[in-house]
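K.L.:
mind looking at a prediction? Sequence and model below.
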Amino acid sequence: MTALTRPAAAPAPRRRRGIRGGRPGFLTYGLLSAWFVGSAYPLWWSFVAGSSDTTVLTLSYPPLLPGGRFFENAAEVFATIDFWKALANSVIVSTAITVSVLFFSTLAGYAFAKLRFRGRNGLMLFVILTLAIPTQLGIIPLFILMKEFGWTGTLGAIIVPTLVTAFGVFFMRQYLVDVIPDELIEAARMDGASMIRTFWHVGVPAARPAMAILGLFTFMTAWTDYLWPLIVAGSNPTLQVALSQLQSAKYVNYTVVLAGAVLATIPLLLLFIVAGRQLVQGIMAGAVKG
Amino acid sequence: MTDARPASPRTTLTLRQRLSRADVKYSPYIYVAPFFILFGLVGLFPLLYTFVVSLNDWDLLSGPREWVGFENYATELADPWFWNSLFNTFSIFLLSAIPQLIAATFIAAVLDQNLRAKTFWRLSVLLPYVVTPAAVALIFSSIFSEDYGLVNNLLASIGIDPILWKHDTLAGHVAIATMVNWRWTGYNTLILLAAMQAVPTDLYESAALDGAGRVRRFMSITLPSIRPTFIFVVITATIGGLQIFTEPKLFDATTATPGGAYHQFETTTLYIWNMAFNQDRFGRAAAIAFILLVIIVLIGLVNYALSRGIASNETKAAKRRTARRLERHRAETAAPTAAENHLERLP
């Protein structure tokens, strides 16, 4: 990204390879290909094993191609856990969290970036400091409270603790502070627009690219969460919790477990195919906190 | 809005103007308030309340039974299983963070070239990131299975005895670290790649003119330039790594309590979970959670202090060095022709 705005470099008198030399050679592509195989193989292996019978696990040399039993194994997955309900729960939970985080982060981020008010810097510093605090460690009291309210076993209990994130506010603020010219807001105000109208017609349209990235990562984080749903979900598990129940028995049938892992990976794999570029750009823009 | 203009400069403000002023004055607070209220309720309050719970003998059915002061802390600090969990946490963290950061830096340097199909390679390193930790744990639990696991099968075929991934402490830690590394290396690679791309090509050119080889350029230009990003990656990896739960929880499902038959990969977060949700000792679980919180915040502060110290000492020197080198380089190279200029600019 920055490469595009960089002033053109002076030409090198000799062709060089390696760091910013000329075109990289076979070694580079060979290395990257090997790395790609390592990245993809565990996933491919789970598809190969998940579509075979258990004898595949005893072979000294694993087959490279999938077997023909994927649907049988998948049927066993559906018989063991309520896959579709868990999938629906995950969709509802992740969507609700994403909508909430986007709304509150954009609103607060806009105020921090573009509006003047007493205490702004102090409050922003507070937001930044809380970035370094692992709020996930509050699970003990959170669970006690949910139990007290009788919310355990509901989707609301899974959603509530991540309705807002400090990171979301920080991220939107960082984006909006540069992207909206102050004159634009002043112009809208001159035209008699109220503060909320200015936010809606100037702030939100400008924030859209950042909202897309923040939304993508918030959705993924909510989707992959395991610890908190495991604690409060009860009879209403998310996909990750249901998936883990596949191997709770004394005897673990790994071909079925792996078929389940493949099934559970499909939604995010589809997201990756559709929005992979945005994920890459988001990470490279410093969009994400691990 | 002509009707809003005052009739004469002297008259008192109209209602509309007063509303408008109140709008300007109070709107910002209304916009940030929902965040602070919700964050306070579901983020900060539970953290502080963790401390309160930790001072009680607390079980789920009866709630707080007895105020015990710091007894839970004393019990934990004297409990070998607590120290065992800390050892496991740090061991797995180091086994994942160190190889992962080295690999990520290396792959990022490989990606920081004039590659063909650049986007494809970037996507390819990120692929494991879309597999959720629970799925990763199940997949690798099978791969590292002791009887019929992929790894032990391969080892057997070249005549090596099977490794007891689920019974041996170090082997278990390596297996769990492998899961973490598999999922996160590509992600960190892209962050470091972004930092590397911000290094001006001029710097590499002039270093090359001075006769610096590929390795030398990497060591004395790339690495110092990406240091701030590197520290950011280390800090986020620490916060996440010290709370690792899903992978050790699901690595071996055959034991009565997760974390291994001998608690040999029971991390601190897993220990907290067992203490609260299997043993119903919420006071002690809260005490452990609070200790872990303090440890993570302390490590964050140390990281911050270290990076500040390094930054203040070295950025000035580095900036001077960079400026000198750029100046010399610009003086040495003739103005590029338009065609060459265009070629260099191609992605």
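P.N.:
The structure has been received and is ready for your questions. Numbers count the residues shown, from 1 in each chain, chains lettered A, B, ... in the order given.

K.L.:
name the nearest residue to B:Pro46, ignoring sequence neighbours.
P.N.:
A:Gly138 (2.9 Å; CB to CB, 6 or more residues apart in numbering or on different chains). Yep, even glycine has a C-beta here, placed from its N, CA and C like the rest.

K.L.:
give me the number of residues near that neighbour?
P.N.:
25 (other CB atoms under 10 Å in any protein chain shown).

K.L.:
tell me the contacts of the residue of chain A found nearest chain B?
P.N.:
Closest to chain B within chain A is A:Gly138: 2.9 Å, counting by CB to the nearest CB. By CB atoms under 8 Å, 6 or more residues apart in numbering or on different chains, the residues touching A:Gly138 are A:161, B:43, B:45-47, B:49-50, B:289.

K.L.:
tell me where the chain has strands.
P.N.:
You didn't say which chain, so I picked chain A. Ranges of strands in chain A, per DSSP state E: none exist.

K.L.:
meant chain B, my bad for not saying
P.N.:
Using DSSP E, strands in chain B cover B:56-59, B:63-67.

K.L.:
quick one: the longest one to chain centroid distance?
P.N.:
So the one you mean is strand B:63-67. 36 Å (CA atoms, centre = their mean, to the nearest Å).

K.L.:
stretch A:45-55 now?
P.N.:
Between the centre of stretch A:45-55 and the centre of its chain there are 28 Å (CA atoms, centre = their mean).

K.L.:
list the buried residues of that stretch.
P.N.:
Within stretch A:45-55, the residues that count as buried by 16 or more other CB atoms under 10 Å in any protein chain shown are A:45-52.

K.L.:
please list which of these are also close to chain B.
P.N.:
Checking those against chain B by CB under 8 Å from any CB of the partner chain, the ones in range are A:45-46, A:49.

K.L.:
TSV for those, including distance to B:Asp202 and pLDDT?
P.N.:
Listed next are these as TSV, based on distance: CB to CB, whole Å; pLDDT from 0 to 100:
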residue	distance to B:Asp202	pLDDT
A:Trp45	45	92
A:Ser46	46	92
A:Ala49	51	91
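
K.L.:
mind showing which ranges of the stretch 151-300 of chain B have poor pLDDT?
P.N.:
In the prediction, the stretch 151-300 of chain B carries no residues with pLDDT under 70.

K.L.:
what about the helices in it?
P.N.:
B:169-197, B:201-209, B:214-217, B:223-225, B:227-241, B:246-251, B:268-273, B:282-332 (DSSP state H, counting those that start in this stretch).

K.L.:
looks like B:Ser157 contacts A:Ser60 (just checking).
P.N.:
Yes: if you go by CB atoms under 8 Å, B:Ser157 and A:Ser60 touch, sitting 4.0 Å apart.

K.L.:
what's the separation between the residue nearest the centre of chain A and A:Ile139?
P.N.:
Geometric centre of chain A, nearest residue: A:Met220, 2.4 Å, by CA atoms, centre = their mean. Taking CB to CB, to the nearest Å as the measure, A:Met220 falls 21 Å from A:Ile139.

K.L.:
one more: B:Ala22?
P.N.:
When distance is defined by CB to CB, B:Ala22 is 41 Å away from A:Ile139.

K.L.:
the two - which one has more neighbours?
P.N.:
Legend: neighbour count by other CB under 10 Å for B:Ala22 and A:Ile139, higher for A:Ile139 (25 against 11).

K.L.:
check contacts around that one.
P.N.:
By CB under 8 Å, 6+ apart, the residues touching A:Ile139 are A:227-228, A:231, B:46, B:272, B:289.

K.L.:
quick one on the thing from earlier: out of the contacts of A:Gly138, who has the most neighbours?
P.N.:
Among these, B:Ala289 has the most neighbours (other CB under 10 Å), with 31 neighbours.

K.L.:
surely it is in contact with B:Tyr271?
P.N.:
No: using CB under 8 Å, B:Ala289 is not in contact with B:Tyr271, being 9.9 Å away.

K.L.:
need the pLDDT of the closest residue to chain A within chain B.
P.N.:
With CB to the nearest CB, the shortest gap between chain B and chain A falls at B:Pro46, namely 2.9 Å. For B:Pro46, the model assigns a pLDDT of 94.

K.L.:
kindly report the same for the one 5 residues further on.
P.N.:
At B:Phe51, the predicted lDDT confidence score is 95.

K.L.:
pull up the gap between it and B:Arg321, please.
P.N.:
Using CB to CB, we find B:Phe51 at a distance of 48 Å from B:Arg321.

K.L.:
just A:Pro237 next, same as before
P.N.:
56 Å.

K.L.:
of the two, who's got more company?
P.N.:
It is A:Pro237, of A:Pro237 and B:Arg321, that has more neighbours when counted by other CB under 10 Å, with 22 against 15.

K.L.:
pLDDT weak spots in the stretch 101-250 of chain A?
P.N.:
A:249-250.

K.L.:
just give the nearest non-adjacent residue to A:Trp84, would you?
P.N.:
A:Trp84's closest residue in space is A:Phe78 (CB to CB, 6+ apart), at 7.8 Å.

K.L.:
give me the neighbour count for the one you found.
P.N.:
Counted with other CB under 10 Å, the neighbours of A:Phe78 add up to 14.

K.L.:
before we move on, what about B:His167?
P.N.:
Each residue near B:His167 was counted by other CB under 10 Å, and the total is 14.

K.L.:
contacting residues for the nearest residue to it once chain neighbours are set aside?
P.N.:
Among residues not flanking B:His167 along the chain, B:Ala261 sits closest, at 6.6 Å (CB to CB, 6+ apart). The contact partners of B:Ala261, by CB under 8 Å, 6+ apart, come to B:166-167, B:252, B:255.

K.L.:
of the residues you listed, grab the buried ones for ChimeraX.
P.N.:
This is how ChimeraX selects the buried members of those, with burial counted by 16+ other CB under 10 Å:
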select /B:166,252
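
K.L.:
stretch A:176-186: end-to-end distance?
P.N.:
For stretch A:176-186, the first-to-last residue distance is 15 Å (CA to CA, to the nearest Å).

K.L.:
just give the closest residue to A:Val93, not the sequence neighbours.
P.N.:
Nearest non-adjacent residue to A:Val93 (CB to CB, 6+ apart): A:Ile158, at 5.1 Å.

K.L.:
quick one: contacts for A:Pro267?
P.N.:
So A:Pro267 contacts A:87, A:90, A:223, A:239 (CB under 8 Å, 6+ apart).

K.L.:
what about the first one, neighbour count?
P.N.:
When you say that, I think you mean A:Leu87. 17.

K.L.:
now it: how far from A:Trp228?
P.N.:
The value you get for A:Leu87 to A:Trp228, if CB to CB is used, is 18 Å.

K.L.:
what's the neighbour count on the closest residue to B:His263 other than its chain neighbours?
P.N.:
Leaving out its chain neighbours, the residue that sits closest to B:His263 by CB to CB, 6+ apart is B:Asn84, at 5.8 Å. For B:Asn84, the neighbour count with other CB under 10 Å is 19.

K.L.:
same check on B:Ile30?
P.N.:
Counted with other CB under 10 Å, B:Ile30 comes out at 13.

K.L.:
wait, B:Lys246 touches B:Ala135, no?
P.N.:
Just so we're on the same page, residue B:246 is Thr rather than Lys. No: look at B:Thr246 against B:Ala135 with CB under 8 Å: they stay out of range, at 9.8 Å.
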